[in-house]
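K.L.:
Here is my input; please provide its structure:
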Amino acid sequence: MICFALLLQLLTQASPTEIIFSAGAPVSAIQFEVETPGIFSKVSPGPAAQVASKGVDYAYLMTENVYRVLVYGLNDFDIPSGVVATFEAQGPILIKAVIFSNPKGDRVPQSPTRLEIR
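P.N.:
Coordinates of the predicted model:
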């Protein structure tokens, strides 16, 4: 019984996930959606966001298991390459609907600027 409980805990335990940003152009804000069938919690800014004085907010969308995440600040500082957000998630993770904005608020093309999951 104890072994089964431990296995169940390991299978349902959320694991830390990092979102890595690669700057190919000046970017001041990032928006993306996270789709995961399980738990999504403990969202916080990563070191790259913190250096640029950015925070991270998120909201559950009415679509099943989709969360919208914003990395932004009330400034026009560029976000350097590196970890922009961390969170805990359970199960497979899909990042979609990525939007990068420059300090003027214009959209930045996704190539070579990109996000990765680690």
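K.L.:
all contacts plus neighbour counts: C-alpha atoms, from now on.
P.N.:
Noted.
K.L.:
so where do the strands sit in this structure?
P.N.:
Taking DSSP state E as the test, the strands found in the chain are 15-22, 29-35, 40-45, 55-60, 66-72, 82-89, 94-101, 107-108, 114-117.
K.L.:
Show me what the third one packs onto, helices and strands only.
P.N.:
So the one you mean is strand 40-45. Contacts defined by 3 or more CA pairs under 8 Å, 6 or more residues apart in numbering; DSSP states H and E place strand 40-45 against strand 55-60, strand 82-89.
K.L.:
buried residues in it?
P.N.:
Neighbour counts over strand 40-45 (16 or more other CA atoms under 10 Å) mark F40, V43, S44, P45 as buried.
K.L.:
The first one contacts E88, correct?
P.N.:
To tie it back to what came earlier, the one meant is F40. Yes: between F40 and E88 there is a contact under CA atoms under 8 Å: 5.7 Å.
K.L.:
Find me whatever residue is spatially closest to E35, sequence neighbours aside.
P.N.:
Nearest non-adjacent residue to E35, counting by CA to CA, 6 or more residues apart in numbering: V66, 4.5 Å away.
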